[in-house]
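[1] Pasting the sequence and the predicted model now:
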Amino acid sequence: MAVYISDAGDGRIIARLTGEIDHHSAHWLRMDIDTAIQDRSPKELLLDFSEVSFMDSSGVGLVMGRYKNMKERGGRVVLANMPEYIEKVMNLAGMDRLLNER
Amino acid sequence: MKKPSNEMKLIFPSLSENERLARVAVGGFISSKNPRMDELSDVKTAVSEAVTNCIVHAYRDTVGLIELTARLTEDGVYIKIRDRGCGIEDVKKAMEPLFTTLPDEERSGLGFSVMESFTDSISVKSKPGSGTTVVMVKKLRSRI
């Protein structure tokens, strides 16, 4: 599990998540993403799930936490490229109504 | 003679790296049933949630053993996950969607909701001070 963070210009950053997201790995992902938010103060954080092979509700906690963090700074979170099984977990939490999807 | 059903038992300490071990073991175990991808993913997710609950809640601030039993049935899989941890005061409350005792740790409160929606039945038995047993049953529609 790793996250690759890149600058997309116009105050946007892209966090490309890879591997499996569970309670064990969410801890490290949270630290890496929050460090990037702290350092770069983006207006938009795009979380790219295209290379995530597994996710349980710990991933929902991860997204909710980043949503809160970005909102406090006046920014927003966008979810992108979610495989069907990830969308299923996200929708249980009503994340589809809370966040923007691309 | 009736063919004996396949069964496995896995006992491991409540370390977070074992969340993966548990779901991968069950995923491998049910593969002989030739499940569909979405069924395999549902089972792995439900197991991951149950084991995470043991680690995060049952054995909070301590490490104890988690016992996982899986058995293939005629039309699916039976999974039992048992801990000897702190137990749950109010199981009904704990199973409410978005209820969590640990919001500061970014727990979404969706563990039981995921287990309920991703399996066909779930039963939770718990006694404060003695531990919790979660039993889940999932039908697997084998492919032709």
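    Alright, I've got the coordinates.

[2] May I have the beta-bridge partners of residue A:19?
    For residue A:19, the beta-bridge partners are residue A:52 (DSSP bridges).

[3] Say whether chain B is contacted by stretch A:35-42.
    No. No part of stretch A:35-42 sits near chain B under the criterion CB under 8 Å from any CB of the partner chain; the closest distance found is 14.5 Å. All C-beta atoms are positioned from the backbone trio N, CA, C, and that covers glycine.

[4] how about residue B:134, what does it touch?
    B:50, B:53, B:80, B:81, B:82, B:115, B:122, B:123, B:124 (CB atoms under 8 Å, 6 or more residues apart in numbering or on different chains).

[5] Need the three-state assignment for the second one.
    Spelled out, it's residue B:53. Residue B:53 falls in the helix class when you classify it by DSSP: H, G, I helix; E, B strand; the rest coil.

[6] Now do the strands in the chain.
    You didn't pick a chain, so chain A it is. Using DSSP state E, the strands found in chain A span residues A:2-9, A:12-21, A:44-55, A:76-80, A:100-101.

[7] could you do chain B instead?
    Taking DSSP E as the test, the strands found in chain B are B:7-13, B:65-72, B:76-83, B:121-127, B:131-139.

[8] follow-up on the earlier one: between the strands of chain A, which has the poorest average model confidence?
    Averaged per stretch, pLDDT over those is lowest on strand A:100-101, reaching a mean of 62.

[9] residues from chain A in reach of chain B?
    A:20, A:22-24, A:26, A:30, A:54-58, A:60-62, A:64-65, A:84-85, A:89, A:92-93.

[10] related to what we said a few turns ago, neighbour-wise, which one of the contacts of residue B:134 leads?
    Scoring those on neighbours with other CB atoms under 10 Å in any protein chain shown, the highest-scoring entry is residue B:50 at 31 neighbours.

[11] how far away is the spatially closest residue to that one that is not a sequence neighbour from chain A?
    Computed as CB to CB, 6 or more residues apart in numbering or on different chains, the closest residue to residue B:50 that is not its neighbour in sequence is residue B:81, at 4.3 Å. Relative to chain A, residue B:81 is positioned 14 Å away (criterion: CB to the nearest CB, to the nearest Å).

[12] ok, residue B:81 touching residue B:68?
    Yes. Residue B:81 is within contact range of residue B:68, at 5.3 Å (criterion: CB atoms under 8 Å).

[13] Tabulate the strands of chain A in CSV, adding columns for mean neighbour count and distance to residue B:18.
    Listed next are the strands of chain A as CSV, based on neighbours: other CB atoms under 10 Å in any protein chain shown; distance: least, CB to CB, whole Å:
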stretch, mean neighbour count, distance to residue B:18
strand A:2-9, 13, 20
strand A:12-21, 20, 13
strand A:44-55, 20, 15
strand A:76-80, 18, 29
strand A:100-101, 12, 33
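
[14] I'd like to know which of the ones you listed is closest to residue B:97.
    When these are compared for distance to residue B:97 using CB to CB, the nearest one is strand A:44-55, at 17.7 Å.

[15] Name the residues that touch that closest one?
    When contacts are defined by CB under 8 Å, 6+ apart, strand A:44-55 is touched by residues A:8, A:11-22, A:33, A:37, A:59, A:63, A:66, A:70, A:75-83, A:85-86, A:89, A:102, B:23, B:41, B:44-45, B:48.
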